[in-house]
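Sequence first, predicted coordinates after that:
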Amino acid sequence: MEAKVIIISVVKSNKSENNVWMVAITGEEQGKAYCKSPYKAMRFAFLLKKQTGYSIEDASLKALSEEIAKQKAEAAAAEPEKPAEQEAQQPEAEEKPKKQRKPRAKKEPKVVQMAPEPQQELIAFL
């Protein structure tokens, strides 16, 4: 009998043009889960590994790691870099002195006197 392994593969989504990552255990039909990002698929695979004790397939792990690195590179390239001069000027202009709060005025506790209730006569029923 073959040992069960956690596999991760790319699946085409029916709802959009984006790829979806499927995390499943070999030999189990109902143990499938779908993740929108490769990072979340990797987190889920390691969670599954911790819960079940099965190992993650090396080829799947390598492909997933490459996809995560590719997405990080794309995000870094898309983010515009600020010149060093602008970064140095902004903190100086934005520094404002902190406002001091006024201490809270102490209130004297109110003393309320309760009027004694008149005692009613006790009636005994026999």
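Right, received. Where do you want to start?

so who does the most centrally placed residue in the chain touch?
Nearest to the mean C-alpha position of the chain, counting by CA atoms, centre = their mean, stands residue 40 at 11.2 Å. Taking CB atoms under 8 Å, 6 or more residues apart in numbering, we find residue 40 in contact with residue 21. Glycine gets a C-beta too; all of them are placed from N, C-alpha and C.

Is it in a helix, a strand, or coil?
Judged by DSSP: H, G, I helix; E, B strand; the rest coil, the three-state class of residue 40 is helix.

now it: how far from residue 71?
From residue 40 across to residue 71, the span is 12 Å (CB to CB, to the nearest Å).

What of residue 51?
In terms of CB to CB, residue 51 sits 26 Å off from residue 71.

With residue 27 instead?
30 Å.

repeat for residue 9
As judged by CB to CB, residue 9 and residue 71 stand 17 Å apart.

With neighbour numbers in mind, choose between those two.
Between residue 9 and residue 71, counted using other CB atoms under 10 Å, residue 9 has the larger neighbour count: 16 against 13.

quick check: mean pLDDT across the strand or helix carrying the more buried one?
Under the criterion of DSSP states H and E, residue 9 resides in strand 5-12. Mean pLDDT, strand 5-12: 88.

next structured bit after it?
Strand 5-12 is succeeded, C-terminally, by strand 19-25 (DSSP H and E).

Name every strand pairing with that following strand and say which way it goes.
Take DSSP bridges as the rule and strand 19-25 pairs in its sheet with strand 5-12 (antiparallel), strand 33-35 (antiparallel).

chain center to the first one, what's the gap?
So the one you mean is strand 5-12. Centre-to-centre, strand 5-12 and its host chain are 23 Å apart (CA atoms, centre = their mean, to the nearest Å).

Same question for stretch 53-61.
Counting by CA atoms, centre = their mean, stretch 53-61 is centred 25 Å from the centre of its parent chain.

Show me what it is in contact with.
3-9, 25, 42, 45-46, 48-49.

same question, stretch 14-21
With contact meaning CB under 8 Å, 6+ apart, stretch 14-21 is reached by 8-13, 34-38, 40-41, 64.

Determine the longest helix present in this protein.
Scanning the chain for the longest helix, with DSSP state H as the assignment, gives helix 58-78.

No more questions from me, cheers.
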